[in-house]
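> need coordinates for the below:
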Amino acid sequence: MAGEPQPDCLFCKIVSGDVPATIVRETETTVAFRDINPQAPTHILVIPRVHHRDAATLAAVEPQIAADILREAGHVAAEEKITDTGYRVVFNTGAGAGQTVFHAHAHVLGGRGMQWPPG
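Purely as a prediction, here's the structure:
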């Protein structure tokens with residue numbers, strides 16, 4: 001069921017503490033942790049504590065938590081000292097867009113130049 005922890009979801013297991021992660025921030029509704037396969041010097045994932053398949057579903061069902069993720073992305077960028085040089089917040093939605101864990105999440109990337117369009 002949407003919003004409920006899923007037993008086979010890696011990010012649900014990180015939220016519950018069953019899988020370790022390098023957590024950098026936590027709130028009542030979100031958890032932020034370092035990506036294990038970073039694509040930039042700063043690469044942090046911000047996830048909701050509730051399970052929704054992707055960002056579009058999360059925004060439709062729980063828009064306040066979607067907003068919490070964006071707010072936390074800004075806090076993470078400030079704490080990582082990448083706000084002055086710029087950073088990117090990315091939501092991959094669907095396998096064709098590169099989503100590999102089907103639990104809504106935002107990538108906060110920075111610490112290097114970002115090209116457009118992304119490669």
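> what comes up buried for stretch 95-104?
Neighbour counts over stretch 95-104 (16 or more other Cβ atoms under 10 Å) mark Q99, F102, H103, A104 as buried. From N, CA and C alone the C-beta is placed, and that goes for glycine too.
> nearest to V76, out of those: which one, please.
Using Cβ to Cβ, A104 comes nearest to V76 of these, at 16.0 Å.
> report the contact partners of the closest residue to the closest one other than its chain neighbours.
Among residues not flanking A104 along the chain, L58 sits closest, at 4.1 Å (Cβ to Cβ, 6 or more residues apart in numbering). Applying Cβ atoms under 8 Å, 6 or more residues apart in numbering to L58 gives the contacts P48, V50, H52, I65, A66, I69, A104.
> out of these, which are inside helices?
Those of the contacts of L58 mapping onto helices are I65, A66, I69, per DSSP state H.
> okay if I get those as CSV plus neighbour count?
Shown next, in CSV, are those (neighbours: other Cβ atoms under 10 Å):
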residue, neighbour count
I65, 19
A66, 22
I69, 25
